[in-house]
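> Dropping the sequence and predicted coords here.
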Amino acid sequence: MEKTIGIACDHAGYEMKEYLVGWLGAKGYEVLDFGTHSPESVDFPDFAHPLAEAIEKGEISCGIALCGSGEGMSMTLNKHRDIRAGLVWNPEVAALIRRHNDANVIVLPARFIDNDQATEMLEAYLGAEFEGGRHARRIGKIPVAGCGA
C-alpha cells in the first residue's frame, strides 16, 4: 500500500483521528487530514465526501474514516463511484476487507474501540494485499454509481 493515506472523521472520531495521525506519521505515512479539526459537533458527510473525492481523483489510493458507529461514514463513502469502504471491528475483518474486497477505505467505529484496537486493525489492513482471482470477479459485479445516485 502506498505511503500517503487520507483520513476523515466527525466529532466522535476526532480524538482517535488525532492519535492515528501521529501513529501513522511515526510509521512513515504522509497523512492528508480531511478533518474535522475539533471535537465540536459536525456532520460526518462534510468530511466523508472530500476523502472519497480525493480517492476518485487519484490524489490518494486509500483512506481511513471514523465516526461514532462507523455506519454513517460507511454509508456516505459507499455512495461514491469506485469507493469500497468497509466497517471493521477486529483485525481479521480489517485484513479481509483488503484481501477479498479490495477496500480502499477502512472505517472505524470510534465510540466502540480504543486506540490500541484501532492500530491493530490498521496494521492488519495496511499489511494486507488484494488477492485478486475470484475476488476480482466478485468486485466486478458491484454496480458503480455517482455520489447520491
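Received the coordinates, thanks.

> Can you give me the pLDDT of residue 140?
Taken from the predicted model, the pLDDT recorded for residue 140 is 74.

> mind listing what residue 119 touches?
When the contact criterion is Cβ atoms under 8 Å, 6 or more residues apart in numbering, the partners of residue 119 are 20, 23. Where you see a C-beta, it was placed from the backbone N, CA and C, and this is true even at glycine.

> same check, this time on residue 5
Residue 5 is in contact with 24, 29-32, 60, 62-64, counting by Cβ under 8 Å, 6+ apart.

> which one is residue 70 nearest to, not counting chain neighbours?
Take residue 70 and drop its neighbours on the chain: the residue closest to it by Cβ to Cβ, 6 or more residues apart in numbering is residue 109, 3.7 Å away.

> before we move on, the earlier item: list the ones among the contacts of residue 5 that fall in strands.
30-32, 63-64 (DSSP state E).

> can you redo the residues you listed as TSV with pLDDT, distance to residue 87 and neighbour count?
Formatted as TSV, the entries for the ones in strands among the contacts of residue 5 read as follows, by pLDDT from 0 to 100; distance: Cβ to Cβ, whole Å; neighbours: other Cβ atoms under 10 Å:
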residue	pLDDT	distance to residue 87	neighbour count
30	95	25	12
31	96	21	21
32	97	21	17
63	96	13	26
64	98	12	28
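
> Let's have these in TSV, adding distance to residue 49.
Formatted as TSV, those follow (distance: Cβ to Cβ, whole Å):
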residue	distance to residue 49
30	21
31	18
32	14
63	12
64	15
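
> Residue 54: what's it in contact with?
Residue 54 is in contact with 6, 32, 34, 60, 63, counting by Cβ under 8 Å, 6+ apart.

> where does it land on pLDDT?
Reading off the per-residue confidence, residue 54 sits at a pLDDT of 96.

> Equivalent analysis for residue 114, please.
You'll see residue 114 listed with a pLDDT of 98.

> Roughly how far does it sit from residue 120?
Here the criterion is Cβ to Cβ, to the nearest Å. By it, residue 114 lies 10 Å from residue 120.
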